[in-house]
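Novice: Sequence first, then the predicted structure:
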Amino acid sequence: GGNSSSVHCVAGEYDFAAAGAAAAEGANNAASASPPSFPETKVIQLGQFRVGIIGGHQVVPWGDLSALAMVRRRLNADVLVCGSKRQEGVVEHEGGYYIFPGSITGAYSSITSNVNPSFILLAVQGVKVVCYVYELKGGEVGVSKTEFSKQ
């Protein structure tokens, strides 16, 4: 409806270690230890926004905004959520918004060893999105907020 709001959590990286351990408990064959199959891209409707979701590994160079803009346009998305960057944040570029959730576990990356655990919560209400970025630094949780609206 017009005044309804929805809240969605977009986690950074899929925790394969936990999924693999759970799968291994259920069966002792090679198929149970393989990672689950996910689509390369996914587009969902959140309120007035089309949100594209990609792993990010398929965009070269990783985190390049021009390359990501091409993917966002191809998916016809207002917002693109992209992993693989390991740094969290929300960026506006070429008329679209790019959300980098970071790493919920703070796992080491070949790109940088300075990775803090983080996640982003999206609050969507009509033509407005509020992104809350939660990041653990030095034992303290910091929260920053970014808002944007659909034109």
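Specialist: On my side now, so go ahead. Residues are numbered from 1 along each chain as shown.
Novice: any idea which helix or strand carries the nearest residue to residue 94 once chain neighbours are set aside?
Specialist: Nearest non-adjacent residue to residue 94, counting by Cβ to Cβ, 6 or more residues apart in numbering: residue 69, 4.6 Å away. For glycine as for every other residue, the C-beta is placed from the backbone atoms N, C-alpha and C. In the assignment (DSSP states H and E), residue 69 maps to helix 65-74.
Novice: Heading C-terminal from that helix, find the next helix or strand.
Specialist: Note on helix 65-74: by DSSP H and E, the next helix or strand toward the C-terminus is strand 79-82.
Novice: Any buried residues in that next one, and which?
Specialist: With burial defined by 16 or more other Cβ atoms under 10 Å, the residues of strand 79-82 counted as buried are 79, 80, 81, 82.
Novice: mind listing the helices for this protein?
Specialist: Ranges of helices within the chain are 16-26, 30-33, 65-74, based on DSSP state H.
Novice: hey, where'd the strands end up in the protein?
Specialist: 6-10, 41-46, 49-54, 79-82, 89-93, 96-100, 118-125, 128-137, 140-149 (DSSP state E).
Novice: So for residue 73, which of the ones you listed sits nearest?
Specialist: Nearest to residue 73, of all the strands of the chain, is strand 96-100, at 7.7 Å by Cβ to Cβ.
Novice: so how many other residues sit close to residue 48?
Specialist: Applying other Cβ atoms under 10 Å, we find 14 residues neighbouring residue 48.
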